[in-house]
Each structure stands twice: as C-alpha cells, then as structure tokens.
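> Take a look and give me a structure for this.
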Amino acid sequence: MTAGSGDGEQLPAAAWSGRPAEFSRYLADTGQDYVLVAAPDDQSAHVRFSGRFQGQPVVWDCEFVTLAAEQATGRAGGTQGLRNFIEIGEAGERGLPLRVGLALARVDRPAIEKMIIMIRNYKRLHPGRHEYGEPWA
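So this is what the prediction gives:
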C-alpha cells in the first residue's frame with residue numbers, strides 16, 4: 001500500500017471529498033491506496049481510504065488510536081473495561097466517520113495498513129460502536 005505525505009493542510013479538495021468516485025479518482029491519479037492526513041504521532045493517525053459499507057462504496061474518514069490514547073482522552077467508558085472497538089458515525093461531506101481503537105503499542109504505517117485491510121474485509125459493519133476482544137489493561 002502507498003500513502004500520501006501526511007500533510008493534511010496541503011491536500012487538495014479531492015483528497016477531502018466524501019464522494020467515493022471523486023476520492024477514488026484522486027487515489028488513482030496520485031498512485032495512493034489511502035491518504036494519511038497527518039503523520040502518525042505514535043498513538044494515533046488520521047487516515048482516509050475507500051471501502052464498502054452496507055453494500056455501497058464509501059470514503060472512510062478514520063481516526064485510528066491505540067487503546068492507551070483512548071483511555072487518556074477520557075472517552076473510555078463502560079464498567080467492563082476498555083476493549084478494541086470500531087465506531088461508525090453518520091455520513092457527512094467528508095465521507096463516513098470511523099474511529100478504530102486497537103490494543104497496540106503504537107500506530108505506524110504497517111498498523112494503519114493492517115487496520116485498513118481489517119475494515120475492508122469486515123462484512124457485517126453497521127452504525128454505532130462495536131467492541132470486541134478481552135478488556136485491555
């Protein structure tokens with residue numbers, strides 16, 4: 001997989017498009033498989049990529065975090081402990097918001113590419129938050 005430079009401020013409008021055809025054309029024209037909006041900071045990354053959701057093409061606008069980063073934000077809720085999660089919001093002009101939190105030591109390009117594959121291969125996604133795996137400690 002190939003990605004952009006990670007400088008979101010310099011991205012053209014097509015890189016921010018929520019329209020699957022326009023975004024896919026941008027990826028093809030630039031030879032990228034996904035757009036790294038900002039360089040990973042070791043605990044999180046903002047990445048945009050194409051995929052399918054409920055049988056339709058979409059642009060995923062994804063915040064990818066470690067569970068340690070999620071816990072630090074105070075978003076970690078529930079009484080059963082923080083677990084791996086996938087959270088899908090409502091579609092907007094920049095695509096479909098997606099948050100993915102995994103029990104990883106760090107977010108780097110190999111982790112980002114594995115997460116993209118995971119989302120693209122997951123066939124039963126639906127809106128809302130999905131938690132899975134053992135509680136993280």
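
> Can you pull the poorly scored residue ranges out of this protein?
Under the criterion pLDDT under 70, the flagged ranges of the chain are 1-9, 75-80, 137.

> now the helices for it?
Assigned helices in the chain, in chain order: 13-16, 20-30, 67-73, 109-121 (criterion: DSSP state H).

> The longest one - contacts with which helices or strands?
Using 3 or more CB pairs under 8 Å, 6 or more residues apart in numbering; DSSP states H and E as the contact criterion, the elements in contact with helix 109-121 are strand 34-38, strand 44-53, strand 56-66, strand 96-102. For every residue, glycine as well, the C-beta is placed using N, CA and C.

> Recalculate using a threshold of 7 Å.
Helix 109-121 sits against strand 44-53, strand 56-66, with contacts defined as 3 or more CB pairs under 7 Å, 6 or more residues apart in numbering; DSSP states H and E.

> Columns distance to Glu90 on top of these, output as TSV?
Shown next, in TSV, are these (distance: least, CB to CB, whole Å):
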stretch	distance to Glu90
strand 44-53	12
strand 56-66	12
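
> quick one on the thing from earlier: compare the helices of the chain and give me the one nearest Gly133.
helix 67-73 (9.8 Å; CB to CB).

> Return the list of helices and strands in contact with that closest one.
strand 96-102.

> Check the offset of stretch 90-106 from the chain's centre.
Stretch 90-106 sits 4 Å away from the centroid of its parent chain (CA atoms, centre = their mean, to the nearest Å).

> cool, stretch 110-119 as well?
A distance of 9 Å separates the centroid of the chain from that of stretch 110-119, by CA atoms, centre = their mean.

> picking that back up, in JSON lines: the helices and strands packed on helix 109-121, plus distance to Leu11 and mean neighbour count.
As requested, the helices and strands packed on helix 109-121 are exported to JSON lines (distance: least, CB to CB, whole Å; neighbours: other CB atoms under 10 Å):
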{"stretch": "strand 44-53", "distance to Leu11": "9", "mean neighbour count": "21"}
{"stretch": "strand 56-66", "distance to Leu11": "12", "mean neighbour count": "20"}
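
> Mind listing the residues bridging to Ala38?
When bridges are called by DSSP bridges, Ala38 pairs up with Asp7, His46.
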